[in-house]
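Chemist: Below: sequence and its predicted model.
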Amino acid sequence: MAMRTDRRSSTTIRPISIDQSLLSRDGSARFNFGNSSVLCSINGPAEVKLRDEKLDKATIDVIVRPLVGTTGTKDRTHEYILRSTFENVIQAGLHPRTQIQIVSQVMMDDGSIVAAAINATTIALIDAGIPMKDLVAAVSCVINKDDQLLLDPTALEMENAKSIHTFAFDRTSSTLLFCESLGLFTEGQYFDCYELCNAAACHIFEEIRGAIQNKLREEY
């Protein structure tokens, strides 16, 4: 099995680092896949504008801030991904007529940034004490020009890939909560990517659990 430019095997995730409670918000977290880094903050449940108020549940507002420049189409797409993923996970019915705001800031993009943003959001919601039905973990992989699957791709690997796949799963049953597949691939390759990312998500959940336990030990 060929080694990658960063000396990983094709099925190895880059080193993960997790930091919590970094900002003066209700909750915050930073999640890194190697050099790829996303900082997420949570505000709320808080007062919501009347036009956005929902009588039976909280309004989920998502803002994605790019590394540089103003918000573009790519950021709007990422906002939609985060909103649609976490609207199904946050127990919004416990806080009607309020707003829960998710602010996702890309600190550095060296690939797999959507997966990093989803993972950062999960941890920030935990840090904020927002009730959730389950935890969410996301992983990306690509199929390169040699039809080899590469887990947790770098920006260069994504740029040179035939197809790019990102999956998000819940912890309890490994239910698929989000999937995005771009490029050319066969049905068999899709399911190979699915299985690889599903297995890798278990490692992400272990990292999240470890980070939360370490924080609790430090506090108590």
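Modeler: Looks like it arrived, so ask away. Numbers count the residues shown, from 1 in each chain.

Chemist: other SSEs contacting the longest helix along the chain?
Modeler: Secondary structure assigned by DSSP state H gives helix 187-219 as the longest helix of the chain. If you count contacts as 3 or more C-beta pairs under 8 Å, 6 or more residues apart in numbering; DSSP states H and E, helix 187-219 packs onto strand 16-20, helix 113-128, strand 136-143, strand 149-151, strand 163-170, strand 176-183. Just so you know, the C-beta spots here come from the backbone N, C-alpha and C atoms, and that holds for glycine as well.

Chemist: buried set for it?
Modeler: Buried residues in helix 187-219, counting neighbours by 16 or more other C-beta atoms under 10 Å, are found at 189, 192-194, 196-197, 200-201, 204-205, 207-208, 211-212, 215.

Chemist: before we move on, the earlier item: quick one, which of the helices and strands packed on helix 187-219 gets closest to Asp52.
Modeler: For Asp52, the closest of these is helix 113-128, at 19.3 Å, according to C-beta to C-beta.

Chemist: hang on, Val38 packs against Ala115?
Modeler: No. Using C-beta atoms under 8 Å, Val38 is not in contact with Ala115, being 9.3 Å away.

Chemist: Tell me the one among the buried residues of helix 187-219 nearest to Ser174.
Modeler: Sorting these by how near they are to Ser174, with C-beta to C-beta, puts Ala201 at the top with 7.2 Å.

Chemist: so who does the closest one touch?
Modeler: For Ala201, the contacting residues are 137-139, 167-169, 174, by C-beta atoms under 8 Å, 6 or more residues apart in numbering.

Chemist: picking up where we left off before, need the helices and strands packed on helix 187-219 in CSV with mean neighbour count and distance to Glu87, can you?
Modeler: Written out in CSV, the entries for the helices and strands packed on helix 187-219 read as follows (neighbours: other C-beta atoms under 10 Å; distance: least, C-beta to C-beta, whole Å):
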stretch, mean neighbour count, distance to Glu87
strand 16-20, 17, 23
helix 113-128, 26, 12
strand 136-143, 27, 12
strand 149-151, 23, 28
strand 163-170, 23, 13
strand 176-183, 15, 10
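
Chemist: any chance of the ones you listed in TSV, with mean pLDDT too?
Modeler: TSV is the format used below for the helices and strands packed on helix 187-219 (pLDDT from 0 to 100):
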stretch	mean pLDDT
strand 16-20	96
helix 113-128	97
strand 136-143	98
strand 149-151	98
strand 163-170	98
strand 176-183	97
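
Chemist: Using TSV, lay out the ones you listed together with distance to His95.
Modeler: As requested, the helices and strands packed on helix 187-219 are arranged in TSV below (distance: least, C-beta to C-beta, whole Å):
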stretch	distance to His95
strand 16-20	22
helix 113-128	12
strand 136-143	19
strand 149-151	37
strand 163-170	21
strand 176-183	21
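
Chemist: Spatially central residue in the chain, please.
Modeler: Taking C-alpha atoms, centre = their mean as the criterion, Ile118 is the residue nearest the geometric centre of the chain, at 1.5 Å.
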